[in-house]
Every structure is written in C-alpha cells, then in structure tokens.
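[1] output the structure for:
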Amino acid sequence: MFRLKNSLAVAKNCAFMSLMPATILIVDDERNTREGLSAALEGDYDVFLAASADEAFNLMGAQSFEVVLTDLRMAGKSGLKVIDHCLEQSNRPIAIMMTAYGNVETAVEAMRRGAFDFLTKPVNLEKLEILIKRALQSRKLEQENSVLHERLDQKYSFNGIVGNSAGLKQVLETVKLVAPSRATVLLEGETGTGKELIAQAIHQNSNRVRKPFVPVHCAALAVNLLESELFGHEKGAFTGASERRIGRFEAADGGTLFLDEIGEIDAATQVKLLRFLETRRFERLGSSKPIDVNVRLVCATNRNLSEMVKTGEFREDLLYRLNVVTIPLPPLRERVDDLMTLLQHYTQQFSQENGVEVVEISEGALKLLKSYPWPGNIRELRNFCENIVILKRGSKVNEYDLEEKYHQIKDDASVESPIVKNFSSASLSKEENEKQLLRNALIKANGNRTKAAELMGISRRTLHRKLTQWPELDP
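    Got it, this is the predicted structure:
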C-alpha cells in the first residue's frame, strides 16, 4: 500500500510541477556569466544563482531544482563535483555542463559522470534554450516512467494478486521460485482464470522487469498472420509486405514474451517456435539471416496439450520444450474461500472508477454466489461486480436481485434447491415449508411484495405480517 501511495504522490507532484515554472540553478564563479544567463532565462524559468560549488550544495539542500547549469572550471570544487552532488539528490536534477575548455576528453568525462549534455563558452543562448527544453522533457518522461513502474510493480506483484486460498497460494509459491530463472513456463487453466495476470507477475518479479512484457493472443490472429506477427518479415516477403516489420520476438528482446492460447498455433509456426526454443534464434519471413534475441517465453493454454499431441494437433517435442515448468491455475469454483475477498476487491474498484458508493452483498446473495460454478471464472466475476455496482449504486444486493442463473444450484444432497422450485417436504416443519415458499415467491417476483402475495394466493397484509415474523426474508 505504501508503494502505491508513494507512486500516486509522485504523479500528483508531477502534475503540480507542470503548472509551475521550472527551477534552474546556475553555478559559475564569473559574475557576469551567471547574471547574463539569469537575465536571459528568468522570463521563462525560476532562476537561482551560485558563485561556487559549495554555495550550490547549500542551495540544493534547501531547494529542489529541475535543471542545474554548471561551469566546469571554478575556484574551489569543480563542476564535476556539482554533477556528482546532483546525482545524489532524491529529486535528482538534470545537470548541464558549461566550459571554455571544450575538448572531447572534458565532454566525455562530464557525460560519464552523469551530465545530460555539454555546452562550450561563450554560451549560445538559442542552443541553451533548446537544451533546457530537452532536459525538462527528459525529466518529465523519467518521472512518468518511474510512476508507471511503481504502479506495475504494485499491480502485478504477489501482493497485488487477490486471494488466500490453498490453490492460489500454491500457484504463487511456484511463481516465486520460477520468476528469477530463465525457464520457459506453461500456464494451464480454464478461460478467465487469470493466466495473463500470473504471466505479468512472473515478469515483474524477474530480473527482466525493466524490459518489455509483450503479450500475443494467438487465437485472435489469423493463421496466415501469426508467423509474421511473431517473427516479423522483410519487404516483399509476401503480397502486401510493403516494408520490413519487426516481430514480437524482437520487440520483447531482453524481456518476456507471453503467448496466450498456444494450442491455437498452426503446424508451420510450431516448427519455427520449436527451432527458436532450441537455438534462441530465428529468421524473419523472407530472410535467411538469423537473429539472436534474449527472450523469456511464458505460454498459456485452456486446452489439454497432451490430448492434442495424441490427435496430432500439437507437436510432442514442442510440448516438452514448453512445459519446463507447468503451473496449473485453479478455476474459481475451487477457490470458494477467495470469493468474498474478490467480490469486495472488484466492487470497491468499480465503485471508485464510477464514483459511486460501494454495494453491500447480503448473506443470502453470498450463499448463492458461493454455490454458483462461475464457468467464466474471474472474468465473469469482474463483469458481475461491475454490473451490480452500476445498477445498485451503493444499495444492498439481496438474493432476489440476482439473475435466475445464480439460483440454479445443487445442494449437498444433489437435488434442486428449494429456492428455485416450489415444493413441500415431509422432512421440513410446516413453518420451514412456508418460509421456503415465501422466499421462492419473492424471488419470482423480484422482491415485489404485491406480486409475491398474488403468487402465494394471500393478501399483501398477510405477506407483510409474515415478513415481520421472518425479517431475514425481507427484500
């Protein structure tokens, strides 16, 4: 939570800073130079002056600067020491070096120490203005990237994955072991179980975290496009190839390539993928020149690849290469212990996104939701939560508010639930039978008391009296 708050604070600070003039510190022991530069810049920037490195250090201790423009040769400490001090600041300013000794060795040393760029004296003011604008743009992008990485680290870290069931714990334990390695990973699970989220977690907890994470949904691409999409092509490789195109493997160099629905790739692409896993190189379509890339492969499937091997739909040798580490993801129906946590998480998330109060889910509704098999898994649960947040807007969700499919459940005795079907059982007391009938009538009437009374053949006053007697049934 701290990291998320911190990243949001940085984002707010960036937004605030963009409304204020940038702060620039000019460090030069020549009075005419620093005052002349100040006069040229102070119309657009908030300018501070220092006559020595020590004076600059004191100012940096009391004030944050976005750009520090420093001379190289000064009495006392040199401008290189100023650059070093800039790099030590928590809100690190961009350093630009100035010197009358504009030789290559000096420029190289200044850049090696961390200077953004280098100017020779006398300073060309037009070039200086352009350089400062470039420096500020670079700083803004650096801050935005830092915020983005903070948010990604929070979202896809183990702490960002919601749930505490035994099945999910086992998945995360395996992810923790495999993430630092180079091993190819195969994620198995039904549609909607969060395979891409786990793939992101593997990437975010590896040493490739600052490199690209490139997802490819194989089932969404036509067979004749998939090979080109993955490996790229040269100009003229096929009809319509008017220019060279870089494939996803090259785009993911140094990072992680996530191939979702790997069971959907055609035979030709399987061969090329197998060759890559064996050699770590490939050729673009229309080229015979091999390309070496450092890519970690994470694949996912909702199909049984072993059965596909038996029917000849999938290469056995490719399967062996892919499932170095296999992680099966449990379906939501096997994570009942996580259901309440997931409901709270997503209802809060969608409430914040839509600017409405969080809905409350009654015990009766929760019981039905726990018994529902959730064939669409987490994806279906997310849609359910977004739906009730928008339609209920802060009110209570009762069992009567749920669609009919959530009532089509089986009880422990594998018989149809009395909530769905009117019946009278000898094993239940007269009062229990009446309560079940009343509950069923309210469900069929979507909580409408008048209609429920008509269905039961009683007056509305009688129904009201029954609900007073049994308040747990009151919608």
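
[2] that's a helix at Asp338, yeah?
    Yes: Asp338 sits within a helix when classified using DSSP: H, G, I helix; E, B strand; the rest coil.

[3] ok, and the closest non-adjacent residue to it?
    The shortest distance from Asp338 to any non-neighbouring residue, by Cβ to Cβ, 6 or more residues apart in numbering, is to Gly163 (3.7 Å). To be clear about C-beta, it is placed using only N, CA and C from the backbone, and glycine gets the same treatment.

[4] ok, Glu399 next?
    Nearest in space to Glu399, with sequence neighbours left out and distances taken as Cβ to Cβ, 6+ apart, is Gly364 at 3.9 Å.

[5] which strands and helices sit next to the helix or strand where that neighbour lies?
    If you go by DSSP states H and E, Gly364 is part of helix 363-371. Applying 3 or more Cβ pairs under 8 Å, 6 or more residues apart in numbering; DSSP states H and E, we find helix 363-371 packed against helix 339-354.

[6] tell me the helix or strand right after the helix it packs on.
    Counting by DSSP H and E, what follows helix 339-354 is strand 360-361.

[7] just checking: what are the partner strands of that next one?
    Here strand 360-361 is paired, per DSSP bridges, with strand 396-397 (parallel).

[8] check the gap between the residue nearest to Asp338 and Lys169 for me.
    Using Cβ to Cβ, to the nearest Å, one gets 8 Å for the distance from Gly163 to Lys169.

[9] now do the shared contacts for those two.
    Counting by Cβ atoms under 8 Å, 6 or more residues apart in numbering, no residue touches both Gly163 and Lys169.

[10] excluding sequence neighbours, find me the nearest residue to Ser242.
    Nearest residue to Ser242, sequence neighbours excluded (Cβ to Cβ, 6+ apart): Lys235, at 6.7 Å.

[11] quick one: the helices in the stretch 1-150 of the chain?
    Remark: helices assigned in the stretch 1-150 of the chain by DSSP state H, counting those that start in this stretch are 2-17, 31-41, 53-62, 79-88, 104-112, 125-156.

[12] the next helix or strand after the last one: how far from the chain's middle?
    Okay, so that is helix 125-156. Using DSSP H and E, the helix or strand that follows helix 125-156 towards the C-terminus is helix 166-178. Centroid separation for helix 166-178 versus its chain: 19 Å, with Cα atoms, centre = their mean, to the nearest Å.

[13] what do you get for stretch 190-209?
    Between the centre of stretch 190-209 and the centre of its chain there are 10 Å (Cα atoms, centre = their mean).

[14] and stretch 26-46, by the same measure?
    Mean-position distance between stretch 26-46 and its chain equals 44 Å (Cα atoms, centre = their mean).

[15] and it, which residues are buried?
    Neighbour counts over stretch 26-46 (16 or more other Cβ atoms under 10 Å) mark Ile26, Val27, Asp28, Asp29, Thr33, Arg34, Gly36, Leu37, Ser38, Ala40, Leu41, Tyr45 as buried.

[16] go on, stretch 359-375?
    Per 16+ other Cβ under 10 Å, stretch 359-375 contains these buried residues: Val359, Ile361, Ser362, Gly364, Ala365, Leu368, Leu369, Ser371, Tyr372, Trp374.

[17] contact partners for the nearest residue to the second one once chain neighbours are set aside?
    If I follow you right, that is Ile361. Take Ile361 and drop its neighbours on the chain: the residue closest to it by Cβ to Cβ, 6+ apart is Val397, 4.9 Å away. By Cβ under 8 Å, 6+ apart, Val397 lies in contact with Val359, Glu360, Ile361, Ser362, Ala365, Ile388.

[18] run a quick neighbour tally on the residue lying closest to the fourth one once chain neighbours are set aside.
    If you skip the residues right next to it in sequence, Ser362 has Asn398 as its closest partner in space, 4.8 Å away by Cβ to Cβ, 6+ apart. Using other Cβ atoms under 10 Å, Asn398 has 21 neighbouring residues.

[19] how close does Asn398 sit to Gly447?
    From Asn398 to Gly447 the distance is 7 Å (Cβ to Cβ).

[20] Thr301 pairs with what?
    Judged by DSSP bridges, the bridge partners of Thr301 are Glu188.

[21] show me which pair in the buried residues of stretch 26-46 is furthest apart.
    Asp29 and Tyr45 (21.2 Å; Cβ to Cβ).

[22] isn't the residue nearest to Glu399 up against Asp401?
    No: between Gly364 and Asp401 there is no contact under Cβ atoms under 8 Å: 10.0 Å.

[23] mutual contacts of those two, please.
    Here Gly364 and Asp401 have no joint contacts, going by Cβ under 8 Å, 6+ apart.

[24] picking up where we left off before, nearest to Val309, of the buried residues of stretch 359-375?
    Trp374 (29.4 Å).

[25] the closest residue to Leu339 other than its chain neighbours and Gln348: what is the separation?
    Leaving out its chain neighbours, the residue that sits closest to Leu339 by Cβ to Cβ, 6+ apart is Lys370, at 5.6 Å. Distance of Lys370 to Gln348, computed by Cβ to Cβ: 19 Å.

[26] next one: Asn377
    Distance of Asn377 to Gln348, computed by Cβ to Cβ: 20 Å.

[27] quick one: mean pLDDT over the helix or strand hosting Val216.
    Secondary structure from DSSP H and E places Val216 in strand 213-217. Across strand 213-217, the average pLDDT comes to 94.

[28] again, but for stretch 395-415
    Computed over stretch 395-415, the average pLDDT equals 70.

[29] now do stretch 92-102
    Here stretch 92-102 scores 80 as its mean pLDDT.

[30] got the buried residues for it?
    Using 16+ other Cβ under 10 Å as the test for burial, stretch 92-102 gives Arg92, Pro93, Ile94, Ala95, Ile96, Met97, Met98, Thr99.

[31] excluding covalently adjacent residues, which one is nearest to Asn323?
    Nearest non-adjacent residue to Asn323 (Cβ to Cβ, 6+ apart): Leu186, at 4.3 Å.

[32] quick one: low-confidence ranges for the stretch 251-400 of the chain?
    Within the stretch 251-400 of the chain, not a single segment meets pLDDT under 70.

[33] would you map the strands across it?
    Here the stretch 251-400 of the chain has its strands, by DSSP state E, counting those that start in this stretch, at 256-260, 281-282, 291-292, 296-301, 325-328, 360-361, 396-397.
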